[in-house]
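**Student:** here is the input, now give the coordinates:
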Amino acid sequence: MVCQKDFFVKLRSIILISLAALLLSCATTKDITEDKILRGNYLKGLILESKTDMLLMYDNYISARSRALDKVRKYGLSDEYKGVIKKGTKLSIIRVELYQHIENGNYIYPMALVLDGEWKGEEVNLHYTSKSSNRPENDSYSIDILDVDPEVFEIVNE
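**Tutor:** Residues are numbered from 1 along each chain as shown. So this is what the prediction gives:
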């Protein structure tokens with residue numbers, strides 16, 4: 001009887017640890033395109049034109065960091081990047097996502113479709129090319145609401 005009790009205690013411990021590990025690794029993504037506050041000024045169908053070259057990463061984030069661009073121009077693409085999205089490339093906002101993770105936190109991901117150039121048809125994440133919104137609502141949410149960064153993109157239509 002004691003042996004069977006020990007078995008169930010160990011089994012319960014293993015199940016609880018497994019559940020805790022599963023919950024800690026869970027992430028959810030929710031479409032917030034219609035949420036007028038959380039989406040910032042990203043609207044579905046908004047057309048943006050890049051004012052600078054941008055790096056397309058393998059996870060489909062894009063980055064306009066000048067230091068990284070200078071390295072790519074000098075040494076070529078590293079394993080981190082797929083290629084360069086050229087200045088003047090147009091993108092269309094297709095949705096805005098809220099990414100939630102118990103350990104990593106909450107992030108807003110403006111998603112766009114590249115409309116022309118070498119990467120036409122590629123779906124990209126504009127998180128790193130966005131700026132923090134200065135709306136008053138930004139302080140009342142535990143998340144950084146994002147807007148189009150006017151140093152990176154020109155809004156073609158509104």
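
**Student:** quick one, grab the pLDDT at residue 15.
**Tutor:** For residue 15, the pLDDT comes out at 75.

**Student:** and the longest strand along the chain, which residues are buried?
**Tutor:** Longest strand of the chain, by residue count under DSSP state E: strand 90-101. For strand 90-101, a neighbour-count test (16 or more other Cβ atoms under 10 Å) marks 90-91, 93, 95-99 as buried. (Glycine included, C-beta is placed from N, CA and C.)

**Student:** and these, which is closest to residue 156?
**Tutor:** residue 90 (6.7 Å; Cβ to Cβ).

**Student:** okay, and the beta partners of that closest one?
**Tutor:** Taking DSSP bridges as the rule, residue 90 bridges to residue 49.

**Student:** which residues does it contact?
**Tutor:** Applying Cβ atoms under 8 Å, 6 or more residues apart in numbering, we find residue 90 in contact with 47-50, 114-116, 156.

**Student:** mind doing that once more with 10 Å?
**Tutor:** Residues near residue 90 by Cβ atoms under 10 Å, 6 or more residues apart in numbering: 47-50, 112-117, 120, 153-154, 156.

**Student:** just the buried members of those?
**Tutor:** The neighbour count (16+ other Cβ under 10 Å) marks 47-48, 50, 112-115, 117, 153 as buried among the contacts of residue 90.

**Student:** thinking again about what came up before, mind checking which of the contacts of residue 90 land in strands?
**Tutor:** The strands, defined by DSSP E, take in 47-50, 112-114, 153-154 from the contacts of residue 90.

**Student:** so, low pLDDT: which residues of the protein?
**Tutor:** Segments of the chain classed as low confidence (criterion: pLDDT under 70) are 1-4, 16, 18-25, 158.

**Student:** so where do the strands sit in it?
**Tutor:** Assigned by DSSP E, the chain shows strands spanning 27-31, 47-50, 54-57, 62-63, 81-85, 90-101, 105-114, 123-125, 130-132, 146-148, 153-155.

**Student:** residue 138 and residue 145 touch, don't they?
**Tutor:** Yes: if you go by Cβ atoms under 10 Å, residue 138 and residue 145 touch, sitting 4.7 Å apart.
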